[in-house]
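S.K.: compute the structure for the input listed below.
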Amino acid sequence: MTKARAERSRAVLAETFPDLAGVIAQPTTSSLVCENGEPVDVRIGEQRLYGGDARGFAATQLEPYLKKPLRLHMNSPDAAGLVSPICIRLVEALQDHLRAEGGEITRYPVDSPCFLVVFGLGLGHHLEALARESKARWLILVEPFADFFAHSLETVDWGALLATFERRGGAVQVITELDPSAMVGEIIRFMAEQGIAFADGSWVFTHYPHWAFAEARQRLHEALEFAFINRGFFEDELRMMENAVANFSGRAFSLLEARPRLRRRETAVLVGAGPSLDEGLDTIRRIRDRVVLFSCGTALRPLLRAGIVPDFHCELENVPEVFTAVSEAGRLGDLAQIALIASATVDPRVPPLFREAIFYFRDSVSSTEILGRGYRLIAGTAPTCVNMGLAMAATIGFAEFVLFGTDCGVRPGANRHAEGTIYRDLGVWREKDQKNQYSLEVEGNFGGIVQTDWIYDACRLMLAGAIAHYRFSVTNCSDGALIPGARPCVPAALAVTAPPVERTAFMAELRRSMTAFAPGALLANIDPSAFKDDARRLFRDIEQELDGPGESGFAAFYERMGSLAAAFGDRYGNVNALIDGTLRALPRIGMFYGFRVAAPAARARLFGAFLAELRDILAEIAERTEALFAEIDAALQASSDKTAGAVCAVPEVAVPLAVFSSASKGLV
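M.R.: Sure thing, here's the model as predicted:
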């Protein structure tokens, strides 16, 4: 490469990636090896990277790879969680169309916009061929060693490379992290920004061996599976709305909001259902009178089985299975001694089982967006009930925590859950749990290796983020995954020297810090007719978008619907929260089949069938949305005689502790 082209590449890199400009200008710790004026290798200490022939090394790598490239792909729409009844209806319609035409789909997407993920820049002789053969729209280049960017000025025409992806409507993203988790996090973040559906069919190439690349590539598949799952479906949102209305109108309750509170001096103990809980029960029993005890999800049953009654029980999910699990636990202890803290979307059969109900507005769900306006939601309560328990205790004002059964994974060969959980005692739950795969390995709380998956790993990282951000004091007595920031402690060594908790006074203080509602009171200012009008405008505007001008085809339609959903804002009274997830999911199903039909004419016919079915589906969703608000109207009418004098004033806290504030984004 001429000196002039090298300088142009330097200017392009500096302009496109400003953070690299200063790095490239620094002296390198490695050196180029040149023959006849051409770079052929890189010397790192006493070692050479390529054995004297960088171009030949790349060619030898590429030949077998291009014959059988490593590609990330979905086996079916189920792999992205696109399995709601409405989604299944679209899947079946597209499959029927393909069968009628006698068409088959390919394993990988054909000529679809996708990502090319390259681990390792080196001298970059592999980049041009990979860009050409993959036809990817985006290049994600992972290179933690800055020297290679400086050396590549002599071998890579960066201007031409960037222009290739710009012509395709994409871009080049450079990642310079060395930590594998950070690498994967940046890859997933960039993919999500462009549209996570385009990850289907992406290419992954490793240029030179490095431990961080091997670890990151292993983690990438699991991380992508987690990120690829569509979140939020119309049917689920309907259930959450119906549950919330039933909970708000069925009985009196208190509302816990993310308002500043005085710091609690007591210690909060959070109990998960991990297998190490078995070893901690005696300790929990020993310290019980000196702590405030939160059971989280399925940990309730083993606690009651051991004769330990928690102060609070935390439930996050809206599914009917929660009622089954809690009812099973209730056979082993008196739930009427316990206060329930739950998302407002919990199955309405659950709250009457407990002494009292404390609800909160969960972030990013339709019931909060539509019914919770004006109230302070509590964020960061997912992905598990332990995350929720920490968020609830922190909102109440606790800053001192002890964790039991918060394993976030399992020791190799160990049980997956504590003895006495429904996963151990009930066959159907046991079978369901055994299907879960733990394909990740992380450091153990007391050393060694713990196997986990992306949900439990996300749980522990969310806990670690909360500990670091809010400077909580956390002791972890769980024999599972290490939670950064939490102090490991074997249960027998735990000492709690505080005096016994004055529970009557504590509960009185908590109730004064919340808002008490009589049945139906929170819904008193809800106007279902206004929401009906908002819904009609919403679906009318979506219909106009379908009829409007714009590039046709599956990828373009996916991007149009994504842009439409992103621009909704609150112009429809947040009614759009009911359909946001499904509006993003349905085009993804079309993309799965559309890009696996190789013939352009057949693909165009499939796109026509997709649009026809989509219109019918949207008409059904519009009808069911109207019916939902009619049901809400009827529920409000039925509970209107219960609303008089319903709302209790909430005193202002004089000296707040900003554990959670109105500006908080939650435990992240």
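S.K.: how much space is there between the most centrally placed residue in the chain and Gly420?
M.R.: The centroid of the chain falls nearest to Ala227 when counting by Cα atoms, centre = their mean (6.4 Å). To Gly420, Ala227 is 34 Å away according to Cβ to Cβ, to the nearest Å. To be clear about C-beta, it is placed using only N, CA and C from the backbone, and glycine gets the same treatment.
S.K.: then Gly45?
M.R.: 57 Å.
S.K.: wait, the residue nearest to the centre of the chain sits on Phe190?
M.R.: No: Ala227 is not in contact with Phe190 according to Cβ atoms under 8 Å; the separation is 11.1 Å.
S.K.: would you confirm that Tyr558 contacts Pro587?
M.R.: Yes: in this structure, Tyr558 is within contact of Pro587 by Cβ under 8 Å, at 4.0 Å.
S.K.: who touches both of the two?
M.R.: Ala197 (Cβ atoms under 8 Å, 6 or more residues apart in numbering).
S.K.: compare these two (neighbour count), which wins?
M.R.: For Tyr558 versus Pro587, the count of surrounding residues by other Cβ atoms under 10 Å is larger for Pro587: 24 against 21.
S.K.: which residues are in contact with Ala599?
M.R.: Here Ala599 is in contact with Gly103 (Cβ under 8 Å, 6+ apart).
S.K.: from now on call the first residue 446
M.R.: All set: I'll call the first residue 446, so the last point we hit is now Ala1044.
S.K.: now do the same for it: its pLDDT.
M.R.: At Ala1044, the model reports a pLDDT of 91.
S.K.: likewise Trp874?
M.R.: 52.
S.K.: again, but for Ile1066
M.R.: Reported pLDDT for Ile1066: 96.
S.K.: wait, a helix at it?
M.R.: Yes: counting by DSSP: H, G, I helix; E, B strand; the rest coil, Ile1066 is part of a helix.
S.K.: where does pLDDT dip in the chain?
M.R.: Scanning the chain for pLDDT under 70 picks out the ranges 446-447, 870-881, 994-996, 1085-1113.
S.K.: need the nearest residue in space to Pro747, chain neighbours excluded.
M.R.: Gly865 (3.5 Å; Cβ to Cβ, 6 or more residues apart in numbering).
S.K.: quick one: contacts for that neighbour?
M.R.: 746-747, 750-751.
S.K.: please name the nearest non-neighbouring residue to Glu599.
M.R.: Counting by Cβ to Cβ, 6+ apart, the residue nearest Glu599 is Pro484, at 5.0 Å.
S.K.: identify the bridge partners of the one you found.
M.R.: On the basis of DSSP bridges, Pro484 is bridged to Cys479.
S.K.: so where do the strands sit in the stretch 496-645 of the chain?
M.R.: 515-517, 560-564, 583-587, 616-620 (DSSP state E, counting those that start in this stretch).
S.K.: would you mind listing the buried residues in the first one?
M.R.: By that I understand strand 515-517. By neighbour count on 16 or more other Cβ atoms under 10 Å, the buried set for strand 515-517 is Leu517.
S.K.: show residues contacting it.
M.R.: Under Cβ under 8 Å, 6+ apart, the answer for strand 515-517 is 553, 644-650, 665-666, 669.
S.K.: most surrounded residue in the residues you listed?
M.R.: Neighbour counts for the contacts of strand 515-517 peak at Ser647, which has 27 neighbours (criterion: other Cβ under 10 Å).
S.K.: list the contacts for it?
M.R.: Applying Cβ under 8 Å, 6+ apart, the residues near Ser647 are 516-518, 559-562, 581, 636.
S.K.: now it: closest residue in space that isn't a chain neighbour?
M.R.: Counting by Cβ to Cβ, 6+ apart, the residue nearest Ser647 is Phe560, at 4.1 Å.
S.K.: where along the stretch 746-895 of the chain do the helices fall?
M.R.: For the stretch 746-895 of the chain, the helices defined by DSSP state H, counting those that start in this stretch cover 766-775, 811-816, 830-841, 867-870, 872-879.
S.K.: returning to that earlier point: of the contacts of Ser647, buried ones?
M.R.: Of these, these count as buried by 16+ other Cβ under 10 Å: 517-518, 559-562, 581, 636.
S.K.: how far off centre is stretch 659-670?
M.R.: Relative to its parent chain, stretch 659-670 has a centroid offset of 15 Å by Cα atoms, centre = their mean, to the nearest Å.
S.K.: domain parsing for this structure?
M.R.: Using automatic domain parsing, the domain ranges for the chain come out as 448-518+561-673, 697-962, 970-1087.
S.K.: so which of those domains is the most packed in?
M.R.: Most buried of those by mean neighbour count (mean count of other Cβ atoms under 10 Å) is domain 697-962; its value is a mean of 20.
S.K.: show me how far it is from its chain's centre.
M.R.: With Cα atoms, centre = their mean, you get 19 Å for domain 697-962.
S.K.: wait, Leu1081 sits on Ser974?
M.R.: No: counting by Cβ under 8 Å, Leu1081 sits too far from Ser974 to count as a contact (10.8 Å).
S.K.: from Gly695, how far off is Ala1080?
M.R.: 9 Å.
S.K.: and if you look at Trp648?
M.R.: For Trp648, the distance to Gly695 - Cβ to Cβ - is 53 Å.
S.K.: and if you look at Leu991?
M.R.: 39 Å.
S.K.: could I get the full set of helices for the stretch 546-695 of the chain?
M.R.: 572-579, 591-597, 603-612, 625-639, 656-673, 679-695.
S.K.: need the ones you listed in a markdown table with distance to Ala1064, can you?
M.R.: What follows is the helices of the stretch 546-695 of the chain, written out as a markdown table (distance: least, Cβ to Cβ, whole Å):
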| stretch | distance to Ala1064 |
| --- | --- |
| helix 572-579 | 40 |
| helix 591-597 | 54 |
| helix 603-612 | 39 |
| helix 625-639 | 30 |
| helix 656-673 | 29 |
| helix 679-695 | 13 |
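S.K.: of all the ones you listed, which one is nearest Arg1016?
M.R.: Arg1016 lies closest, by Cβ to Cβ, to one member of the helices of the stretch 546-695 of the chain: helix 679-695, at 18.2 Å.
S.K.: many thanks, have a good one.
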